[in-house]
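Trainee: Mind looking at a prediction? Sequence and model below.
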Amino acid sequence: MIEVILVVGIVIVIASITLANFPEFNERIGIEQEAGKFVLAARKAQSYALGVREFQIGSKIFPPYGVSATINDRIHFTVFGDTNLSNRFENFLGESVEVFTVSPRVEIHEICGNSQSIPPGPCNLTTADIVYIRPAPSIVLTGVVGGIPLSYNDIKVVFTTLDGSIRKDVVIWSTGQISIE
């Protein structure tokens, strides 16, 4: 009987430790998924550009494609076709191909330019546009600071939980490398 009580007690302790950490574990998984979703959106844009995808069926427009994120809309990012070749996403021109929504407990916290440089660049970008241009293939990274678009060697999009306790950084370089940190 004592052995049974001891085993049940050990199981209860292990279960309570596991359940106490479950919300944090769930948030870590959620933010990892959202960062991965952004990376997949960037790779989708790259695939569209290099695959010479027609913008709309019958349009005979084969633009560069990109992904755009903005601080003004912290819960969405967009894959777009750069139909006017501006290297920027202009929603009013109908360039949107697919809009992604992040989960309710995650947001785009900040966007940084040249974050991997020494010294690091600013983290006050309001918008980031990553555009894949064929046939080179080349990648143009544009960030907007104070309404002025500037070119960068790398762009970092920071995802955080709503309380800011957990974060994931997605870094995209002008060489095409993408990492989740």
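Mentor: Looks like it came in fine.

Trainee: Run through who's touching stretch 169-181.
Mentor: 32, 35-36, 38-39, 42-43, 46, 115-116, 130, 137, 139-141, 152-159, 168 (CB atoms under 8 Å, 6 or more residues apart in numbering). Quick note: C-beta positions are derived from backbone N, CA and C, even for glycine.

Trainee: Filter those residues down to the buried ones and hand me the PyMOL line.
Mentor: Buried subset of the contacts of stretch 169-181, written as a PyMOL selection, criterion 16 or more other CB atoms under 10 Å:
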select buried, resi 35+38+39+42+46+115+116+130+139+140+141+152+154+155+156+157+158+159+168
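
Trainee: Among the contacts of stretch 169-181, name the ones in strands.
Mentor: Per DSSP state E, strands hold the following members of the contacts of stretch 169-181: 130, 139-141, 154-159, 168.

Trainee: Quickly note the distance from the residue most central in space within the chain to Ile118.
Mentor: Nearest to the geometric centre of the chain sits Phe38, at 3.3 Å (CA atoms, centre = their mean). Remark: distance between Phe38 and Ile118 (CB to CB, to the nearest Å) = 25 Å.

Trainee: swap in Pro64?
Mentor: 30 Å.

Trainee: which of these two has more neighbours?
Mentor: Of the pair Pro64 and Ile118, Pro64 is the one with more neighbours under other CB atoms under 10 Å, namely 23 against 5.

Trainee: From Ala136, how far out is the more buried one?
Mentor: Taken as CB to CB, the span from Pro64 to Ala136 is 10 Å.

Trainee: cool, Ile180 as well?
Mentor: From Ile180 to Ala136 the distance is 26 Å (CB to CB).
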